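**Q** Any chance you could fold what I've pasted below:
(2 chains)
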Amino acid sequence: MQKNLFDESRDLVGFAVSKAERYGADYAEATLERYSVENHVMKNGIISAPIIVEETGIRVRFAKGGYIYSLSTNQPKKESIEKAIEGNMLLRGEGPTGMETGREKVSAEYKIRYERYDPRVVHEFMKNVDREIARFKPIKYRYISTGFSTVSRYYLNSEGSEIESRIPYSDGFVSISVESNGATRQRNIQFGATSGVEYFATLNLAEKALEDARNMEKVLNNGINVTGQESFENIVISSEIAGIAVHESIGHPNEADRVLGREAAQAGTSYVTPENLGLHIGSSEVTIYDDPTIKSSYGFYLYDDEGIEAGKRTIVENGVQKELLHNRESAFIMKSRSNGSSRSTGISYEPIIRMANTYLAPGKADFDELIEEARDGIYVKNFTEWNIDDTRSFSRYQGNEAYLIKNGRLGKPVKNFVLETKTLDFWSAVAMRDKELVMYPGTCGKGEPEQGVPVLMGGPDVLLRFKKG
Amino acid sequence: MQNTAKEIFELLKEVADDVVVNFAKRNDAYIKIYEGRNESLSGTYSESATVFVAKGKRVLLTSMNDFRNGAIRNKVKEIGSALRSENEKPDYFGIAENRSFKYKGKGINFDKKLWDVDSEMLNDGILSAINAAMSNKAEKVHGMLSLYRYTEELLTSGGVDTEDKGTAIKLSLRSFGREGFSSQAIEAARHLAALNFERIGKESARFLEMTRSTKSIESGVYDILYLPLASGNLMADIGDAMSIGNVEGGFSFLAGKKGKYVASKDLSIYDDPTIKDGFGSYAFDEEGVPSKRTAVIKDGKLMTYLHNTSTARKYKTKSTGNAGLIEPQASNIILEHRKSYSSMEKLLRGVDRGILVTNTWYTRFKDYETGEFSTVPRDVAFVIRNGGIESAIKNIGKDSIGIGIRISDRMERMLKSIRAEGGERVQVVGWDEPMPAFVKPFVVEKVKVTAAE
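**A** Sure thing, here's the model as predicted:
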């Protein structure tokens, strides 16, 4: 029986590291990867052609002469690796960068177990969800996407570290469009975990989609338009809004490569600069973590792409900026230490600084207490469109489902609420948090060519109290 | 390697009715520019066969990169087995049949100089671009040079047996000046001679000198003069909306509007994979249909969606040569307006109270079907008063380098409100909107703008 390409190519990882060292690298690492994925789409009840990909490749990455090289091939052979290195020495003179070295060597193996993949289970899951949501007639469009992938990696570096891992991902999304009263409204529900597709059965996806669809119909039929949105002093946001705000306006601007300007022509810059580290970002209610080690989470990993052990990072503590996300390069430039934030979509991309599972720490209140404390204001339950400026200073979240708060109780649905604020105003307004932490999956884009990585983002429900002037 | 492609193709014909094999070798390299210097290089070499198969109405798309002895045969067995266990796709209607296809575009996307480009040429080019930016008031310059080289061979059970090769280059530079104001330029081409490194550097710093006078603006309705990076981003979203796949999925504001007016009667929008130096140009699509220009919006009216053979048969129309075997996709988007001025300055003179937007990013839809969206001006933007540029917009305090304004509107209203275009038509390929567009600066009337206060 023929060995699979991954097993047959294991010796090449050591060869690639040695080759880079012989070439004069200050630091070198190599990763052999086997990636397999199966994606399915169902549009309005019609299943589309599945996309099934399996690919094995190798990446060698090294620092030499002030430059960093990340070279890969899906033809794992000695001559391909030699050609990749020798054919890409295109940078002249001395470069401006390097990679942190001097770490103790690591030996680790972690493989996440999952039930054997069966496409029939996925087909049944999609058909059942579609059948359920199709019963609600105001739903005009139904789009269901699912994916199952596994990423197996064997990693060595010039510090002697050796790491083997296998992580399965089950993920997808449901998109629905609801039409009523001559208008439409759309909703996207994403799901994802490091698990086998047995995870799908835990989702109650049809129920969630139907609940959202019914609420959207109510908003379309009975929702009121509010004016002077900027005049609302008390806004209760759900964990979904807290999560996207944490990700976009705290997590991204605390990535050290953005702080340094390395992403300036791609995913952007940051209001955090090397000169203002430790700045006050929000109220004392704001503590924000990023933790890749949460079991089964969509952003899970134990060792990053540079062989560094991952751990929980405290980005903001009691309103004060505390820790940047670092890889070996930013740690080298800022004379710091990597905290294991280096990730790539696959071996054909360079590893860069990424978030994993980022969240606002929960508080002690109950949800009802937030509404009572708000007294008069708005509760925003979920959002559709969102965006943020290049420096992460000015963001917008378009409320999809929102309600008036009158006399400390939830009232009429609101059609058109938009929360559009400056970042520091937003986080300074955090007045109270409830105790329920909920996380939402997402695919975070960055780099060039743009690469998406799985992440979670979340928080509790939060009362924002804006001081109007 | 032709033998590998043929071997895969012949074996697949034993397990499937419809077979498409695209065997490609790709060599991509990316040089990162950080603080005015080359900083890193990321490169990848791949050999892959992309495989589409159908047996009756059962279809699947897969790929192969293990070409060892026996591995191809094993993979084909797996494909046959996977195909048997798939559900039927009732709206699958086959692939293109070769009726004397002629590929006029073959070879036009290839440049020997770019294929053989050496480190000297690349380093000198990048350096001249950075120097041009720095001598035009840039204090910091960041960017990326991307280089693509590939060969491909296409074999289909519809009788297509063809091959092509191509090259492409793209340079993106973002320059920063006083108070963190930024400006960006991106050029892409298929031939080295078409890329002017110095021009890109100069263009990336073009507006930095004009930021001495700043002012904040109030939220309201403004006429907006879109420069190409911004208008190209808008066109990329319209390109996505043209695909029948997105129309069917509820992700297009053009759904249900074929034959109706969706834009100003002075406006036409084309998909054109034949255009010279187009970043999205190709000689044949993924099933071997020759590339051709398609008028999607003609004189304001929506004429067609973009189709492959299967979707065209479903809707009783003809393929537009835009396969995507799973979903049709746009290539290069070209916008043409009847009212076209010879220069951007002449276009500017017609704006009394407006905003000049040099670049946007992060376009997100509230509702794809209605086309309601918002987007964020990324680099410097200016207040326009009485036909001239008055001040750079600064709505966020000095503690931040952002400009703090946002555009929110509806796609169809925007298309119906494009008053005129002017100046040179250029190709733009954005970072987060990578679909290429060929556009001139244009003016959109009465656009809703919100501003940080």
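
**Q** And the helices in chain B?
**A** B:2-13, B:71-85, B:112-115, B:119-134, B:197-204, B:228-242, B:244-249, B:309-314, B:344-349, B:411-416 (DSSP state H).

**Q** Could you pull out the strands in the stretch 251-400 of chain B for me?
**A** B:267-271, B:294-298, B:301-302, B:333-337, B:340-341, B:353-357, B:360-367, B:372-377, B:381-385, B:388-393 (DSSP state E, counting those that start in this stretch).

**Q** wait, what's in contact with the closest residue to residue B:111 other than its chain neighbours?
**A** Distances taken as Cβ to Cβ, 6 or more residues apart in numbering or on different chains put residue B:191 closest to residue B:111, at 4.0 Å, once the chain neighbours are dropped. The C-beta positions use only the backbone N, C-alpha and C, and glycine is treated the same way. By Cβ atoms under 8 Å, 6 or more residues apart in numbering or on different chains, the residues touching residue B:191 are B:111, B:113, B:114, B:167, B:277.

**Q** 7 Å instead, please
**A** Contact analysis of residue B:191 by Cβ atoms under 7 Å, 6 or more residues apart in numbering or on different chains lists B:111, B:114, B:277.

**Q** Could you dump those residues into TSV with pLDDT and neighbour count added?
**A** TSV is the format used below for the contacts of residue B:191 (pLDDT from 0 to 100; neighbours: other Cβ atoms under 10 Å in any protein chain shown):
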residue	pLDDT	neighbour count
B:111	98	21
B:114	97	22
B:277	97	22
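
**Q** sorry, back to before: the helices of chain B: which one's closest to residue B:140?
**A** helix B:119-134 (9.1 Å; Cβ to Cβ).

**Q** counting contacts, what elements does that closest one pack onto?
**A** For helix B:119-134, the packing partners by 3 or more Cβ pairs under 7 Å, 6 or more residues apart in numbering or on different chains; DSSP states H and E come out as strand B:18-34, strand B:140-156, strand B:161-176, helix B:197-204.

**Q** Of these, which is nearest residue B:59?
**A** strand B:18-34 (7.7 Å).

**Q** and the gap between residue B:300 and chain A?
**A** Noted for residue B:300: a distance of 23 Å to chain A, by Cβ to the nearest Cβ, to the nearest Å.

**Q** Would you confirm that residue A:2 contacts residue B:73?
**A** No. Taking Cβ atoms under 7 Å as the definition, residue A:2 is not a contact partner of residue B:73, at 10.0 Å.

**Q** Excluding chain neighbours, what is closest to whichever residue of chain A sits closest to chain B?
**A** Chain A approaches chain B most closely through residue A:141 (2.9 Å), counting by Cβ to the nearest Cβ. For residue A:141, ignoring the flanking residues on the chain, the nearest one in space by Cβ to Cβ, 6+ apart is residue B:250 at 2.9 Å.

**Q** and the one you found, how many neighbours does it have?
**A** Residue B:250 has 22 neighbouring residues, counting by other Cβ atoms under 10 Å in any protein chain shown.

**Q** now, of the helices of chain B, which is deepest in the fold?
**A** Comparing those by mean neighbour count (mean count of other Cβ atoms under 10 Å in any protein chain shown), helix B:228-242 comes out on top with a mean of 25.

**Q** now that helix, how far from the centre of its chain.
**A** 8 Å (Cα atoms, centre = their mean, to the nearest Å).

**Q** Taking strand B:161-176 as reference, get the angle to it.
**A** 140 degrees (axes from the mean of the first three to the mean of the last three Cα atoms, to 10 degrees).
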